[in-house]
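Undergrad: here's my sequence, what's the structure:
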Amino acid sequence: MNRNRMLIGLAIALVVAFLLSAYVYRQFQTMASVRAAVPTQQIVVAATALPLGTMLDASKLRMISWPATDPVAGMCTRIADCSNRALIISVAANEPILESKLAPREAGAGLSATIPAGMRAMSVAVNEVVGVAGFVTPGTKVDVLVTGAVSGSGQNMTQTILENVKVLAAGHQVQQDRDGKPETVSVITLLVSPDDADRLAMASTQGKIQLALRNGADSDTASPAPVLQSSMFGTLAPAPAQAARHSEPKAAPPAPYTVEVLAGDKRETKSFTNP
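TA: Prediction:
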């Protein structure tokens, strides 16, 4: 009797397991059919992380499927559309290659391909402090301040000469120190207009420049007023002139009085101080 009950229970368990597996199978089939119903297309992405200025070719790119119902403006659908063109920004692995990230074919490769028409790339030598302790990296935005002597005033002034300037590159070069020995200095390359390039050249040769790191989303122009040395530290006021001390004239002492003394046939005059 017990054996029959066990057989019946086993049969029921097998039927239930079959029904559940059939249900799950149907659900997977339904999901697969839904996926198949979404149209896709092939787009070009970066095969690996690529820095700005990289000249693209088939070895640096690959194709992936992308929902055709959600196109991205400027996306490339053929590797041939991206080949022999340089990146003007860095991209991550599997990041879609968009038209806005590519330089024209005739722009070449390297840093020059990242410079928009009408702009200039200018490098300035900085130290660890001026370079904001290494936080000034390609793609960041900075303000440029210069400190120099004010002509004819005998004091220094600090002024912001450039604002919201993009950093194109940050690297190192070797130059000679005062003793002729090689030393490594940091070099920051900034994207500036031709007029700003002139101002930056003057500031870096005639004064001392300082970089101020900005929030990448902050593009407002503050136009701060120049700061004079005297406004920061003040000037020493001349010591007040001491009034000359005039001593009052002393009153003339009273004239002494004299006494004539007669002693026999001798006559003697004695003087006494008048109190």
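
Undergrad: list the contacts of Leu145.
TA: Residues near Leu145 by C-beta atoms under 8 Å, 6 or more residues apart in numbering: Thr158, Gln159, Thr160, Ile161, Ile209, Gln210, Leu211, Ala212. (Glycine included, C-beta is placed from N, CA and C.)

Undergrad: show me which of those are buried.
TA: Among those, those that count as buried by neighbour count (16 or more other C-beta atoms under 10 Å) are Thr158, Gln159, Thr160, Ile161, Ile209, Gln210, Leu211.

Undergrad: how about Val142: what's its closest non-neighbour residue?
TA: Leu211 (4.6 Å; C-beta to C-beta, 6 or more residues apart in numbering).

Undergrad: for the one you found, helix, strand, or coil?
TA: Three-state assignment for Leu211 (DSSP: H, G, I helix; E, B strand; the rest coil): strand.

Undergrad: kindly state the beta-bridge partners for it.
TA: Counting by DSSP bridges, Leu211 is bridged to Val144.

Undergrad: thinking it is in contact with Asp143, fair?
TA: Yes: counting by C-beta atoms under 8 Å, Leu211 touches Asp143, with 7.3 Å between them.

Undergrad: related to what we said a few turns ago, widest-spaced pair of the buried ones among the contacts of Leu145?
TA: Pairwise distances across the buried ones among the contacts of Leu145 (C-beta to C-beta) peak at 14.1 Å, for the pair Gln159 and Leu211.

Undergrad: how is the protein partitioned into domains?
TA: Following the assignment in automatic domain parsing, the chain carries domains at 40-113, 120-232.

Undergrad: so where's this structure shaky on pLDDT?
TA: 1-3, 32-37, 128-134, 172-185, 234-265, 270-275 (pLDDT under 70).

Undergrad: for it, which helix is longest?
TA: Assignment by DSSP state H gives helix 2-37 as the longest helix of the chain.

Undergrad: in that one, what counts as buried?
TA: Buried residues in helix 2-37 (16+ other C-beta under 10 Å): none.

Undergrad: and the contacts of Leu145, which two are furthest apart?
TA: Every pair of those checked by C-beta to C-beta; the farthest is Gln159 and Leu211, at 14.1 Å.

Undergrad: now do the SS call for the closest residue to Ile115 other than its chain neighbours.
TA: Once flanking residues are discounted, Ile115 sits nearest to Ala121: 5.2 Å by C-beta to C-beta, 6+ apart. Reduced to three states with three-state DSSP, the structure at Ala121 is strand.

Undergrad: burial count for Ala121?
TA: If you count neighbours by other C-beta atoms under 10 Å, Ala121 ends up with 16.

Undergrad: give me the beta-bridge partners of it?
TA: Assessed by DSSP bridges, Ala121 has beta-bridge partners Leu191.

Undergrad: surely it is in contact with Ala113?
TA: No: using C-beta under 8 Å as the test, Ala121 is too far from Ala113 to be in contact (10.8 Å).

Undergrad: can you show me the strands along the stretch 51-200 of the chain?
TA: 61-67, 120-126, 141-149, 156-176, 182-192 (DSSP state E, counting those that start in this stretch).

Undergrad: C-alpha coordinates for the first one, PDB please?
TA: Read it as strand 61-67. Extracted in PDB, the C-alpha atoms of strand 61-67 (Å, rounded to 0.1, in the frame of the first residue of the first chain):
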ATOM      1  CA  LEU A  61      37.800  49.700 -34.500                       C
ATOM      2  CA  ARG A  62      35.100  47.000 -34.400                       C
ATOM      3  CA  MET A  63      31.400  46.600 -35.200                       C
ATOM      4  CA  ILE A  64      28.600  45.900 -32.700                       C
ATOM      5  CA  SER A  65      24.800  45.600 -32.900                       C
ATOM      6  CA  TRP A  66      22.700  48.600 -32.000                       C
ATOM      7  CA  PRO A  67      18.900  49.100 -31.800                       C
END
